[in-house]
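[1] Generate a structure from the sequence data that follows.
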Amino acid sequence: MPFPVEEKYIIETESELSVKFPFEFKNRMIKSNGGEIDSGEFFFQLHPFFDKSDKKRISRTCNHIGLETKNAREWQGFPKNGIVIGNGGSGDLIFLQHNGNGILTDEIYLWDHGEIEKIAESINKLDE
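    Coordinates of the predicted model:
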């Protein structure tokens, strides 16, 4: 079960990855850092922001957005401007991206073993 996260941990991740997360995504994660999305068509585990506030939160957020993004960037074909926010459990990822300026757009993309597809206009639209 995900917990809320303090905005300072989101800001730390933004600094680490040199990006700015969209407002809608940040607000959702502040309320529930991680969790699941089941739209009927898609099922994903959202990666949390790394929360270092106590040992329990450290262990529950060890598969955080920063780490998962760094890992995905090692894979051939993963976009250099992509930031991984979740996975479907079988090698497919969902991600946000920017156009070179570091400001991530709201759109959610699916990386399915090298194939990229836009699947939602925003995190809230994906979760409907």
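[2] What backbone torsions are found at residue 90?
    Here is the backbone geometry of residue 90 (degrees, to the nearest 10): phi -130, psi 30.
[3] Tell me the confidence at it?
    Looking at residue 90, its pLDDT reads 82.
[4] How many neighbouring residues does it have?
    7 (other Cβ atoms under 10 Å). From N, CA and C alone the C-beta is placed, and that goes for glycine too.
[5] now residue 46
    22.
[6] Same check on the one 5 residues further on?
    Residue 51 sits with 24 neighbouring residues when counted by other Cβ under 10 Å.
[7] Which element, helix or strand, includes it?
    Here residue 51 sits in a region with no helix or strand, counting by DSSP states H and E.
[8] Excluding covalently adjacent residues, which one is nearest to it?
    residue 57 (4.1 Å; Cβ to Cβ, 6 or more residues apart in numbering).
[9] Confirm for me that that neighbour is in contact with residue 49.
    No. The criterion here is Cβ atoms under 8 Å, and residue 57 misses it with residue 49 at 10.2 Å.
[10] Between these two, which is the more surrounded one?
    Each of residue 57 and residue 49 has its neighbours counted (other Cβ under 10 Å); residue 49 has more, 25 against 17.
[11] State the distance from that one to residue 115.
    27 Å (Cβ to Cβ, to the nearest Å).
[12] Flag the shaky bits of the protein, pLDDT-wise.
    128 (pLDDT under 70).
[13] Kind regards, and thank you for your time.
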